[in-house]
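1. Provide a 3D model corresponding to the input given below.
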Amino acid sequence: DDRHGPTPASKEASPAPDFRELHVAPMLNYSSREFRALFRILSRRAVLWTEMVVDETILHSPHLDEHLHLDAAAMNPVVVQLGGSRPDSMELAAAAAGARGYPEINLNADCPSRRVAGEREFGAALMKDAPRCAEVLRAMSAGAPAGATVSVKCRVGVDDADSAEFAARFVAEARPHCKRFYLHARRCVLDGTMSAHGNRSVPPLNYPRVYGLCRTFPDCEFV
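-> Numbering: from 1, shown residues only. Take a look at the predicted model:
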């Protein structure tokens with residue numbers, strides 16, 4: 001008779017709640033300081049992201065607070081996303097971001113825009129040069145303060161390099177310096193035939209490739 005509620009034994013048998021992270025993804029021209037403040041009011045647990053901040057902006061801007069200001073006690077967890085492909089400047093940028101109190105510093109290897117991946121050769125262009133991407137991550141890890149997480153946001157393929165083997169080689173190259181991967185489960189098309197908007201919706205989603213990476217690299221975290 002359970003009219004009086006569950007017995008102590010049944011309470012013990014109840015599974016613990018599965019708390020998963022909810023991320024508010026970085027969005028150009030939207031993920032401003034004010035935008036993040038609004039979402040922090042809505043949720044204390046959500047993981048917020050900055051817009052991508054380019055390494056040269058961090059190193060040369062006279063108004064760095066406009067790009068990296070963080071009230072850590074009130075706003076964290078917040079991921080700061082950096083863009084760049086030069087290890088020396090990315091190390092300094094990671095150090096500057098970490099000094100502001102960001103608990104996680106992310107490398108953008110996902111942006112397909114012509115300006116970023118084409119003219120400036122970072123963002124998704126880093127997926128075509130895994131050794132360079134790994135070197136950038138190594139430099140960021142060297143610059144980040146103790147306790148800060150260094151992560152990378154990337155795709156599961158790029159242009160004709162669209163196979164499980166390619167994705168695994170990319171992760172294996174980055175893995176000594178980074179254990180957290182944010183995967184956009186599509187390949188990225190950088191040959192000029194597809195816009196940034198199309199790259200977010202046209203290439204089909206490939207969740208089996210993501211699951212394969214999870215099995216191959218159990219010591220890494222895939223989000």
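2. For Gln81, give me its contacts.
-> Counting by Cβ atoms under 8 Å, 6 or more residues apart in numbering, Gln81 touches Pro26, Trp49, Thr50, Glu51, Met52, Val53, Asn106, Leu107, Asn108, Lys153. In this view, the C-beta of every residue, glycine as well, is placed from N, C-alpha and C.
3. quick one, strands of this protein?
-> Using DSSP state E, the strands assigned to the chain run over residues 23-24, 47-54, 78-83, 104-109, 149-158, 180-188, 221-222.
4. between those, which gets nearest to Pro204?
-> If you check each of the strands of the chain against Pro204 by Cβ to Cβ, strand 180-188 wins as the nearest, at 6.9 Å.
5. Report the angle between the closest one and strand 47-54.
-> Comparing the axes of strand 180-188 and strand 47-54 via axes from the mean of the first three to the mean of the last three Cα atoms, to 10 degrees yields an angle of 60 degrees.
6. Name every strand pairing with strand 180-188 and say which way it goes.
-> Strands flanking strand 180-188 in the sheet, each with its direction: strand 149-158 (parallel), strand 221-222 (parallel) (DSSP bridges).
7. closest one to Thr57 among those?
-> When the strands paired with strand 180-188 are ranked by proximity to Thr57, the top entry is strand 149-158, at 18.1 Å, counting by Cβ to Cβ.
8. Might you list the low-confidence residue ranges for this protein?
-> Low-confidence regions of the chain, defined here as pLDDT under 70, cover residues 1-19, 117-120.
9. Which residue would you name as the spatial centre of it?
-> To find the centre residue of the chain, average its C-alpha atoms and take the closest one (Cα atoms, centre = their mean): that gives Lys153, at 3.7 Å.
10. beta partners of that residue?
-> Asn108, Tyr182.
11. how near is it to Gln81?
-> As for Lys153, its distance to Gln81 is 7 Å (criterion: Cβ to Cβ, to the nearest Å).
12. what touches both of these two?
-> With contacts taken as Cβ under 8 Å, 6+ apart, Lys153 and Gln81 have Asn106, Leu107, Asn108 as neighbours in common.
13. Put the buried members of the residues you listed into a ChimeraX selection.
-> Only the buried members of the shared contacts of Lys153 and Gln81 end up in this ChimeraX selection, burial being decided by 16 or more other Cβ atoms under 10 Å:
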select :106,107,108
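14. coming back round to it: same list (the strands of the chain) but as JSON lines, adding distance to Ala96.
-> Output for those, formatted as JSON lines (distance: least, Cβ to Cβ, whole Å):
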{"stretch": "strand 23-24", "distance to Ala96": "23"}
{"stretch": "strand 47-54", "distance to Ala96": "10"}
{"stretch": "strand 78-83", "distance to Ala96": "10"}
{"stretch": "strand 104-109", "distance to Ala96": "10"}
{"stretch": "strand 149-158", "distance to Ala96": "14"}
{"stretch": "strand 180-188", "distance to Ala96": "20"}
{"stretch": "strand 221-222", "distance to Ala96": "25"}
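15. Point out the most buried one among those.
-> Compared across the strands of the chain, strand 104-109 shows the largest average neighbour count, a mean of 26 (mean count of other Cβ atoms under 10 Å).
16. What is that strand packed up against?
-> Here strand 104-109 touches strand 78-83, helix 87-99, helix 130-143, strand 149-158, going by 3 or more Cβ pairs under 8 Å, 6 or more residues apart in numbering; DSSP states H and E.
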